[in-house]
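Asks: predicted structure and sequence below. I'll ask about it afterward.
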Amino acid sequence: MISEDIGKKAKIIDNIIESFLPKEEGPAKTVMEAMNYSIHAGGKRLRPMLMMETFLMFAGEDPEKVLYPFMAAIEMIHTYSLCHDDLPAMDNDEYRRGQKSTHAMFGEAMGILAGDALLNYAFETALSAFDTTTDANRMRRIAYALSVLAKKAGIYGMVGGQVVDIKAEEKSADEVTMDTIKFIHENKTAAMIESSLMIGAILAGADDADIKTLERIGSDVGLAFQIQDDILDVTGDEKALGKPVGSDEANGKTTYVSLVGLEKAKEDVAALSSNALSELACLEGSVNEHGIFLKDLIASLTYRDR
């Protein structure tokens, strides 16, 4: 079953990430403790998983030296965003995945600093990939991967999407358009999924056409993932989700579902997922074990019930 495979791969990825975490020592020990606490909060490790499986789909070689630093880095960036999302100035969440959020555990100032530190340490970690090779072509791939990681995490990606999301909350429901909702979803969520797929392909030596295809796949998957989130807020089971349903409507929040209706939203998830899977099937390596796993993983993300 795909859920069992995801669980097994997540454990492998946990060990990879663990190998890059800072030692909790020295005068700045507290922020290192907060960084590691945030990473250890868990999660499915989907972004490094997408990166690893894409790399292996193309390369089929040992990914340890060049890929592992990027796998750790993208999870650090994802975790920093959650640290900041939970802050009182943002979502003001006291808990994350069943345990106290970083700011609730270490204080608001350290919650901010832990997020800052994870973002900086992510790039310090990714840059260590240069130490693994003297081959000019591989070094160019690493530089290209770094530029994708930086752009997709920044103002033209995740941060930009978060900005528009915050601004949308200041508007009345009828002022928030579908263009705004799509921009938020495509940047706040999809950008880092695109980054995961693209970096895996870049480091494996895929050509530009395949990298662009994976960027489109990531965009479709990210948008479908967030529309499904909106759907589950209407139809989901609270026990399965681990959070209350109906909160969007109760808070008067404009969502994809509130704009187009539940049935159209479901149709759009199906269309986006189908398009992503069709594009994936056209890539070299899509029929090997890693390509097949990617297909199943994408389907599980877009049709999930939690």
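Replies: Perfect, I can see it now.

Asks: right, and the secondary structure at Asp305 would be what?
Replies: Of the three states, Asp305 takes coil under DSSP: H, G, I helix; E, B strand; the rest coil.

Asks: if I look at it, what pLDDT would I see?
Replies: Looking at Asp305, its pLDDT stands at 75.

Asks: swap in Val245?
Replies: With respect to pLDDT, Val245 has a value of 53.

Asks: use 29 as the first number for this chain going forward.
Replies: All right, first residue 29 from here; so that's Val273.

Asks: what ranges does this structure have for its strands?
Replies: For the chain, strands defined by DSSP state E occupy the ranges 123-124, 127-128.

Asks: check contacts around the closest residue to Ala293 other than its chain neighbours.
Replies: Ranked by C-beta to C-beta, 6 or more residues apart in numbering and with sequence neighbours excluded, the top spatial neighbour of Ala293 is Val285, at 4.7 Å. In this view, the C-beta of every residue, glycine as well, is placed from N, C-alpha and C. Taking C-beta atoms under 8 Å, 6 or more residues apart in numbering, we find Val285 in contact with 255, 258-259, 261-262, 276, 293.

Asks: which among the residues you listed end up buried?
Replies: 255, 258-259, 261, 276, 293 (16 or more other C-beta atoms under 10 Å).

Asks: tell me which of those residues has the lowest pLDDT.
Replies: Comparing the buried ones among the contacts of Val285 by pLDDT, Asp276 comes last, at 65.

Asks: how much space between Ala132 and Ala56?
Replies: 21 Å (C-beta to C-beta, to the nearest Å).

Asks: related to what we said a few turns ago, distance to Gln190 added to the contacts of Val285, as a markdown table?
Replies: As requested, those are exported to a markdown table (distance: C-beta to C-beta, whole Å):
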| residue | distance to Gln190 |
| --- | --- |
| Ile255 | 18 |
| Asp258 | 17 |
| Ile259 | 22 |
| Asp261 | 19 |
| Val262 | 24 |
| Asp276 | 17 |
| Ala293 | 22 |
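
Asks: pLDDT below threshold where in the stretch 29-178 of the chain?
Replies: Applying pLDDT under 70 to the stretch 29-178 of the chain picks out residues 88-89.
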